[in-house]
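Trainee: show me how the following folds:
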Amino acid sequence: MMLRIRSRDGLERVKVESPNPTISTLKSQIESQLRVPTHSQTLSTNQNLLLAKTLPDVTQFTDMSDPNTPLSTLNLTNGSIIFLSYEGERTVPGPGFNPAGSFGKKMTMDDLIAKQMRVTRQENPHCELVSFDRDAANVFQVYVNETLAFGVKRGGFMYGMVLDTGKVEVDFIYEPPQEGTPDRLVISRDYDEEKIVEAIASGLGMRRVGFIFTQTIGQDKKDYTMSNGEVLQAVEFHGESELKEWVTAVVKLEVNEDGVPDVHFEAFQMSDMCVRLFKEGWFETEIEEGADPKLSKMKKEVVVGGKDTKEVDNDFFLVVVKIADHQGPLSSTFPVENRQIPISSRALRNHLDRTKHLPFVKRISDFHLLLLVARFLDVNADIPALMECVLSQTAVPEGYQLLIDSMANA
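Mentor: Predicted coordinates:
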């Protein structure tokens, strides 16, 4: 029986020749063939093992902890994937060595650079924690869950603050014009609209801090955390930001222990090496039909686990970020931009009527409402002035109130 072993070093194969192999047999073969000591191995059929960062996290995966358990009872067959976590380092045998010079292959400058380009896991993120505003996160997940039914992909840019501790707080999500399919998300950048979004964020003391997107139900049974296309899109936005604390969030539907579908948020940073490789043009940006989605293809060979390869397991590029939530300064009850139904003046009127018991500044303290209103304001003068009122929660000048009321009654 041939089993595929997926670890932090990528995907490898182990041959098990015993007629009735047990977990102990498999561990011995892993030690023999992959040079990972038995006592260092933690095995599981759950891919989340590879996301565990601490020893207590690793020890929670107990489905393959009994060495006497026959592999047949785990429904493992020829070609099945098993996930391996281990401590320490190991030596992976590489290809045969060809000396440079007249008796061997001459090495070009590109060869020398590739030999130095080692892709390893980045253990620690620059952002230790990302906290989502509960309402903003809920509005995003309710739409993709109840309206889109996780059938097509959806994305947005996250805005908030980076605290001195390195913690990132996400206070609103801007959803740009886009087209989603079951396996592809095309963001249509509207830079005029983004200029207004940036002005609003700046006036509120915030900035763009990350990218959020959904995975569809069709991706649920794929054995990857992020696909090669998702890695390319995420690292492009990360590299564009020039923010070392930049966060990429993934929203997907998973079945919980009770067999009930549950919306699940995960957060990552693209590793420093991933960003560097992208900026320096190492990634193949055209993905061939039929390509393995869990592997990112390079234009030149890199060194992974001691081996020269042009294919890198996407998990090498992901650095896990912890998630929390908080109640931010803005509400998220106004209709969201760039969705299926255009936002009309009636929506503004309904919102103002529904919140008329509140002070006016509180009624407009919603990013999506502010984006609608800001289209009719001067980006350099009016928007900063109005945002200052929202930021300090002070009275809105009468002129702005009259403008907003007239928009609602148009």
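Trainee: run through the chain and note the low-pLDDT ranges.
Mentor: 91-116, 220-221 (pLDDT under 70).
Trainee: pop the domain breakdown of it in here.
Mentor: 2-86, 129-326, 345-408 (automatic domain parsing).
Trainee: tell me the most buried of those domains?
Mentor: Looking across the domains of the chain with neighbours counted as mean count of other CB atoms under 10 Å, the highest average goes to domain 129-326: a mean of 18. Placement of C-beta: from N, CA and C, glycine included.
Trainee: for the stretch 301-410 of the chain, what spans make up the helices?
Mentor: Listed in chain order, the helices of the stretch 301-410 of the chain (DSSP state H, counting those that start in this stretch) span residues 345-354, 360-363, 367-374, 382-392, 398-408.
Trainee: ok, which of these comes nearest residue 149?
Mentor: The minimum distance between residue 149 and the helices of the stretch 301-410 of the chain falls on helix 367-374, with 22.2 Å, by CB to CB.
Trainee: let's see the closest one as CSV, backbone CA atoms only.
Mentor: Taking C-alpha atoms only, helix 367-374 is exported to CSV below (Å, rounded to 0.1, in the frame of the first residue of the first chain):
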residue,chain,number,x,y,z
PHE,A,367,-19.3,53.0,6.8
HIS,A,368,-21.6,51.8,4.0
LEU,A,369,-23.9,54.9,4.5
LEU,A,370,-20.9,57.2,4.6
LEU,A,371,-19.6,55.7,1.3
LEU,A,372,-23.0,56.6,-0.3
VAL,A,373,-23.0,60.1,1.1
ALA,A,374,-19.3,60.8,0.4
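Trainee: ok so, going back, just send the helices of the stretch 301-410 of the chain back as a markdown table, with distance to residue 4 too.
Mentor: Rendered in a markdown table, the data for these read as follows (distance: least, CB to CB, whole Å):
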| stretch | distance to residue 4 |
| --- | --- |
| helix 345-354 | 52 |
| helix 360-363 | 56 |
| helix 367-374 | 45 |
| helix 382-392 | 53 |
| helix 398-408 | 59 |
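Trainee: between those helices, which one is nearest to residue 231?
Mentor: The closest approach between residue 231 and any of the helices of the stretch 301-410 of the chain, judged by CB to CB, belongs to helix 367-374 at 28.3 Å.
Trainee: got the contact list for the closest one?
Mentor: Surrounding helix 367-374, the residues in contact under the criterion CB atoms under 8 Å, 6 or more residues apart in numbering are 159, 171-172, 174, 193, 196-197, 199-200, 330, 332, 334-337, 343, 348, 351, 364, 382-383, 386-387, 390, 403-404, 407.
Trainee: what do you get for stretch 328-342?
Mentor: Residues external to stretch 328-342 that are found in contact with it (CB under 8 Å, 6+ apart): 133, 135-136, 138-139, 143, 147, 160, 169, 171-172, 174-178, 193, 204, 343, 347-348, 351, 365-369, 371-372, 391.
Trainee: got it, and stretch 245-265?
Mentor: When contacts are taken as CB under 8 Å, 6+ apart, the neighbours of stretch 245-265 outside the stretch itself are 126-127, 130, 132, 137, 140-141, 144-145, 150, 158, 162, 166, 168, 170, 209-215, 217, 219-220, 225-226, 230, 234, 237-238, 266-270, 321, 323.
Trainee: how about residue 169, what does it touch?
Mentor: Under the criterion of CB under 8 Å, 6+ apart, the contact list for residue 169 reads 130-131, 133, 160-163, 209, 326, 328.
Trainee: typed the wrong thing, it's residue 313
Mentor: Under the contact definition (CB under 8 Å, 6+ apart), the residues listed for residue 313 are 6, 10-11, 294-295, 304.
Trainee: repeat that for 7 Å
Mentor: When the contact criterion is CB atoms under 7 Å, 6 or more residues apart in numbering, the partners of residue 313 are 10-11, 294-295.
Trainee: what is the burial count for residue 340?
Mentor: 7 (other CB atoms under 10 Å).
Trainee: picking that back up, out of the helices of the stretch 301-410 of the chain, which is closest to residue 118?
Mentor: When these are compared by CB to CB, helix 367-374 sits nearest residue 118, at 42.2 Å.
Trainee: quick one: that closest one to helix 398-408, angle?
Mentor: Relative orientation of helix 367-374 with respect to helix 398-408: 100 degrees, computed using axes from the mean of the first three to the mean of the last three CA atoms, to 10 degrees.
Trainee: 12 is where my numbering starts, stick with that
Mentor: Understood, numbering begins at 12; the last thing we discussed is helix 378-385.
Trainee: now helix 378-385, how far from the centre of its chain.
Mentor: The gap between the average C-alpha position of helix 378-385 and the chain average comes to 27 Å, counting by CA atoms, centre = their mean, to the nearest Å.
Trainee: so where do the helices sit in the protein?
Mentor: 34-45, 66-69, 120-127, 145-153, 202-214, 239-252, 283-290, 356-365, 371-374, 378-385, 393-403, 409-419 (DSSP state H).
Trainee: those: which one's closest to residue 79?
Mentor: For these, distance to residue 79 was read as CB to CB. The smallest value, 6.6 Å, belongs to helix 34-45.
Trainee: contact partners of that closest one?
Mentor: So helix 34-45 is in contact with 16, 23, 25, 27, 29, 47-49, 52, 54, 75, 77-80, 82, 95, going by CB under 7 Å, 6+ apart.
Trainee: show me what residue 26 bridges to in the sheet.
Mentor: Note on residue 26: beta-bridge partners by DSSP bridges are residue 13.
Trainee: which of the contacts of helix 34-45 fall within strands?
Mentor: Cross-referencing these with the strands (criterion: DSSP state E) gives 16, 23, 25, 52, 54, 95 as the overlap.
Trainee: you'd agree the third one is up against residue 17?
Mentor: Going back to what we said before, that points to residue 25. No. Counting by CB atoms under 7 Å, residue 17 is not a contact partner of residue 25; they are 11.1 Å apart.
Trainee: follow-up on the earlier one: in JSON lines: the domains of the chain, plus distance to residue 131.
Mentor: Below are those laid out as JSON lines (distance: least, CB to CB, whole Å):
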{"stretch": "domain 13-97", "distance to residue 131": "9"}
{"stretch": "domain 140-337", "distance to residue 131": "7"}
{"stretch": "domain 356-419", "distance to residue 131": "39"}
